[in-house]
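>>> Just to be clear, the model below is a prediction. Sequence and coordinates:
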Amino acid sequence: MSPSDNSEPEAPDLPPHHAAFSSLDAKLDAFEASRARKVKQHRQDAGHDGYRVLADLIGGILGGLGLGWLFDQFVHTSPWGLIGGMLVGTGLSVFMLVRTAGRMGNTASIAPGPDEPLPGLGDGDEDGPANGRPNRGD
């Protein structure tokens with residue numbers, strides 16, 4: 001048997017930087033996978049935050065109305081307690097809404113954005129308009 005009759009084929013000569021590119025590809029794949037998980041979690045949290053804002057707004061107004069009605073029942077100032085409670089409840093609801101929206105904005109600025117561009121926005125490629133507006137058939 002001659003040395004050239006080996007059953008294992010010889011590996012082709014690879015350039016010296018091939019191992020470095022393979023390592024970078026593996027690191028890039030791991031980074032993209034971790035980023036995709038974070039974006040998915042952020043999208044779920046955004047839905048929950050919207051319901052929280054809605055609950056704060058409705059709850060504040062209804063809570064103020066309830067407290068105003070109780071005040072009217074005990075002090076016998078029929079419409080004024082209800083009106084005052086509604087105004088106080090609305091003011092507190094708006095305050096809570098602004099505070100929650102600020103927190104959501106801070107969280108959104110830290111979290112990674114979507115991987116894909118928004119639909120309808122052109123990026124100058126041949127598949128869409130460069131100005132971001134749809135074609136009108138002109």
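Perfect, thanks for sending it.
>>> okay, CA-based contacts and neighbour counts for the rest of this
OK.
>>> so what secondary structure elements neighbour the helix ranked longest in the chain?
Counting residues, the longest helix found in the chain (DSSP state H) is helix 18-75. Here helix 18-75 touches helix 78-110, going by 3 or more CA pairs under 8 Å, 6 or more residues apart in numbering; DSSP states H and E.
>>> ok, and for the helix it packs on, which residues are buried?
By neighbour count with 16 or more other CA atoms under 10 Å, helix 78-110 contains the buried residues 81-94, 96-97, 100.
>>> now the angle between helix 78-110 and the longest helix of the chain, please.
Per axes from the mean of the first three to the mean of the last three CA atoms, to 10 degrees, the angle that helix 18-75 makes with helix 78-110 is 170 degrees.
>>> average pLDDT for helix 18-75?
Across helix 18-75, pLDDT averages out at 82.
>>> Same check on stretch 89-97?
The average of the pLDDT scores along stretch 89-97 is 94.
>>> List the contacts of that stretch.
Judged by CA atoms under 8 Å, 6 or more residues apart in numbering, the contacts made with stretch 89-97 from elsewhere in the structure are 53, 56-65.
>>> mind running it again at 10 Å?
For stretch 89-97, contacts defined as CA atoms under 10 Å, 6 or more residues apart in numbering pick out 52-68, 83-88, 98-103.
>>> how much space between Gly105 and Val94?
In this structure, Gly105 and Val94 are 16 Å apart, going by CA to CA, to the nearest Å.
>>> same question, Ile83
Plainly put, Ile83 is 17 Å away from Val94 if you go by CA to CA.
>>> Does Asp49 touch Ala101 like I think?
Yes. Counting by CA atoms under 10 Å, Asp49 sits close enough to Ala101 to count as a contact (8.8 Å).
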